[in-house]
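Peer 1: predicted model and sequence follow; I will ask about them next.
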Amino acid sequence: MKKNDDPWKKFIYFSSIGFEMLAIMLVAGAIGYYIDDYYDHETKWVTLIGLLLGMFISFYTIFRQLKQD
């Protein structure tokens, strides 16, 4: 982002980052949950792994976007 940008544009840009992170983590967690449910696991390890993987992917995506700007 340029230094002279409108403050509302910056607010919208940075608030969208949080929603993007949440969306990635929810999708990865949902996939893990459905895998656990399909295979009838007693402990939800695949859900946990999916959430952690989603968190790492979202951080990677955000850092890559911030590096470009």
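Peer 2: That came through, no problem. Numbering: from 1, shown residues only.

Peer 1: ok, and the closest non-adjacent residue to the residue nearest the centre of the chain?
Peer 2: Centrality entry for the chain: nearest residue to the mean C-alpha point is residue 21, 2.7 Å, by Cα atoms, centre = their mean. For residue 21, ignoring the flanking residues on the chain, the nearest one in space by Cβ to Cβ, 6 or more residues apart in numbering is residue 58 at 4.0 Å. (C-beta placed from N, C-alpha, C; glycine too.)

Peer 1: run a quick neighbour tally on the one you found.
Peer 2: For residue 58, the neighbour count with other Cβ atoms under 10 Å is 20.

Peer 1: tell me the contacts of it?
Peer 2: Neighbouring residues of residue 58 by Cβ atoms under 8 Å, 6 or more residues apart in numbering: 20-21, 24-25.

Peer 1: swap in 10 Å and give it another go.
Peer 2: Counting by Cβ atoms under 10 Å, 6 or more residues apart in numbering, residue 58 makes contact with 17-18, 20-25, 27-28.

Peer 1: ok, now residue 39?
Peer 2: Residue 39 makes contact with residue 46, according to Cβ under 10 Å, 6+ apart.

Peer 1: quick one: it and residue 25, what's the gap?
Peer 2: 22 Å (Cβ to Cβ, to the nearest Å).

Peer 1: what about the contacts of residue 58, which are in helices?
Peer 2: Using DSSP state H, 17-18, 20-25, 27-28 are the members of the contacts of residue 58 that sit in helices.

Peer 1: out of these, who's nearest residue 48?
Peer 2: Each of the ones in helices among the contacts of residue 58 was scored against residue 48 by Cβ to Cβ, and residue 28 proved nearest at 10.6 Å.

Peer 1: run a quick neighbour tally on the closest one.
Peer 2: Using other Cβ under 10 Å: residue 28 sits among 21 other residues.

Peer 1: what of residue 47?
Peer 2: If we define neighbours as other Cβ under 10 Å, then residue 47 has 20 of them.
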